[in-house]
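Colleague: here are the coordinates; sequence isn't available:
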């Protein structure tokens, strides 16, 4: 029995190996696609992947100054007008500075008004009274001097007393002139250069207040154009950076009329003609198709960044981007959706001679 067991086991293993090899050589049936791909509507064409975008292009909204978001004024899908507030950054520190600047403006205004209204009637009355008192003192000093000068009896007064009376008259006369000058100065009002300086100080205070108010206004981010809110990636209480981010705080655009940005491989760029007919098919449903209207060609060929996920897709290439528009009424098409685009084009050149001729043209 031992002589037959090993050969029998070997034979069974050999039979199993033959069965496994024969079963593995059967062709694998191809997997059915999730959706039937679109078929080119033209005999010769350029095929490219198209990305739906807003007519204004997709506008990424950022924050002018880093800070905490306190309020969100819109929701996804809202239609907004140019200048309408979108969200607000915390501005309490600037509001405090604005209060100080407002006080400075009020102080400068009060100072200017005071200078422009000078002299006060009360001050003029005080100056007149001071002048009258000085004149009275002068008259008294002159009377006393005359009395002393009228004494002719020798030895009745000394020469020193007479000189003192004369000096008293001169001092009283100087005080009268000083009082007159002060009155004239008061009646003349504020010196014009002082008013100019006060006005300059007021303008400076207003400018500083305006700068603070401008900074406060900038912290309320507003819509740049009439558009629709496509994305919101910020919430109240979150920190909004001021630098460029990979994900915008908000994304918006004018969707009254949608555009398709088509990537044409650089190898096919020479075949593209702006006025050629073009048709776009929706990914996943080839029955949804739209006729495209040429808008413009962006003349700078850029590296390909919009990936479709196809196995045959090349990523180490550059593409010519062409913008088309279409009527999206009653069609389930959305911004950011991929489209299969076919553009009618002449056939590819078969010979190098024809290619050189096309390059020369």
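Modeller: Thanks, I have it. Fair warning: this is a prediction, and the values are worked out from it, not measured in the lab.
Colleague: Residue 47 - that's part of a strand, no?
Modeller: Yes: according to DSSP: H, G, I helix; E, B strand; the rest coil, residue 47 belongs to a strand.
Colleague: Tell me which residues touch it, please.
Modeller: 40, 340, 341, 342, 343 (Cβ atoms under 8 Å, 6 or more residues apart in numbering). Placement of C-beta: from N, CA and C, glycine included.
Colleague: bridging residues for the fourth one?
Modeller: Note on residue 342: beta-bridge partners by DSSP bridges are residue 47, residue 279.
Colleague: If I follow the layout properly, it ends up in contact with residue 46?
Modeller: Yes: under the criterion of Cβ atoms under 8 Å, residue 342 makes contact with residue 46 at 7.4 Å.
Colleague: of those two, who's got more company?
Modeller: Using other Cβ atoms under 10 Å, the more surrounded residue of residue 342 and residue 46 is residue 46, with 26 against 23.
Colleague: shouldn't the more buried one be in contact with residue 348?
Modeller: No: contact status for residue 46 versus residue 348: not in contact, 9.7 Å apart, counting by Cβ under 8 Å.
Colleague: Format the contacts of residue 47 as TSV; extra columns: distance to residue 151 and pLDDT.
Modeller: What follows is the contacts of residue 47, written out as TSV (distance: Cβ to Cβ, whole Å; pLDDT from 0 to 100):
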residue	distance to residue 151	pLDDT
40	137	83
340	131	92
341	127	94
342	133	94
343	129	94
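Colleague: ok, so of the residues you listed, who is nearest residue 78?
Modeller: residue 341 (30.2 Å; Cβ to Cβ).
Colleague: got the contact list for the spatially closest residue to the closest one that is not a sequence neighbour?
Modeller: Among residues not flanking residue 341 along the chain, residue 50 sits closest, at 4.2 Å (Cβ to Cβ, 6 or more residues apart in numbering). The contact partners of residue 50, taken as Cβ under 8 Å, 6+ apart, are 260, 261, 262, 263, 280, 324, 338, 339, 340, 341.
Colleague: Those residues into JSON lines, with extra columns for neighbour count and secondary structure?
Modeller: Formatted as JSON lines, these follow (neighbours: other Cβ atoms under 10 Å; DSSP: H, G, I helix; E, B strand; the rest coil):
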{"residue": "260", "neighbour count": "26", "secondary structure": "strand"}
{"residue": "261", "neighbour count": "22", "secondary structure": "strand"}
{"residue": "262", "neighbour count": "27", "secondary structure": "strand"}
{"residue": "263", "neighbour count": "22", "secondary structure": "strand"}
{"residue": "280", "neighbour count": "25", "secondary structure": "strand"}
{"residue": "324", "neighbour count": "23", "secondary structure": "strand"}
{"residue": "338", "neighbour count": "18", "secondary structure": "strand"}
{"residue": "339", "neighbour count": "25", "secondary structure": "strand"}
{"residue": "340", "neighbour count": "20", "secondary structure": "strand"}
{"residue": "341", "neighbour count": "26", "secondary structure": "strand"}
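Colleague: Closest one to residue 175 out of those residues, please.
Modeller: Nearest to residue 175 among the contacts of residue 50: residue 261, at 91.4 Å, using Cβ to Cβ.
Colleague: what's that closest one in contact with, if anything?
Modeller: 50, 51, 53, 306, 321, 322, 323.
Colleague: Okay, and the beta partners of the residue nearest to residue 90 when sequence neighbours are not counted?
Modeller: The shortest distance from residue 90 to any non-neighbouring residue, by Cβ to Cβ, 6+ apart, is to residue 68 (4.5 Å). Assessed by DSSP bridges, residue 68 has beta-bridge partners residue 239.
Colleague: Run through the residues that contact residue 68.
Modeller: Residues counted as contacts of residue 68 (Cβ under 8 Å, 6+ apart) are 89, 90, 237, 238, 239, 240.
Colleague: Same question for residue 161.
Modeller: Residues in contact with residue 161 (Cβ under 8 Å, 6+ apart) are residue 148.
Colleague: quick one: it and residue 72, what's the gap?
Modeller: As judged by Cβ to Cβ, to the nearest Å, residue 161 and residue 72 stand 95 Å apart.
Colleague: Apart from its chain neighbours, what residue comes closest to the spatially most central residue of the chain?
Modeller: Central residue of the chain (Cα atoms, centre = their mean): residue 64, 5.4 Å from the mean position. Nearest residue to residue 64 in three dimensions, chain neighbours excluded: residue 218, at 4.8 Å (Cβ to Cβ, 6+ apart).
Colleague: Quick check: phi and psi on residue 54?
Modeller: phi -70, psi 160 (degrees, to the nearest 10).
Colleague: and if you look at the one 4 residues further on?
Modeller: Main-chain torsions, residue 58, degrees, to the nearest 10: phi -80, psi 120.
Colleague: Give me the number of neighbouring residues for it.
Modeller: Neighbour count for residue 58, taken as other Cβ under 10 Å: 19.
Colleague: dump the residue contacts of the nearest residue to it once chain neighbours are set aside.
Modeller: Distances taken as Cβ to Cβ, 6+ apart place residue 253 nearest to residue 58, at 5.0 Å, with adjacent residues excluded. Contact analysis of residue 253 by Cβ under 8 Å, 6+ apart lists 53, 54, 55, 56, 57, 58, 59, 227, 228, 230, 335.
Colleague: again, but for residue 327
Modeller: Residue 327 makes contact with 257, 290, according to Cβ under 8 Å, 6+ apart.
Colleague: Please repeat the previous calculation with a cut-off of 10 Å.
Modeller: Residues near residue 327 by Cβ atoms under 10 Å, 6 or more residues apart in numbering: 257, 258, 290, 291, 292, 293.
Colleague: Output the below-cut-off pLDDT ranges for the stretch 1-150 of the chain.
Modeller: Scanning the stretch 1-150 of the chain for pLDDT under 70 picks out the ranges 1-3, 26, 28, 30-35.
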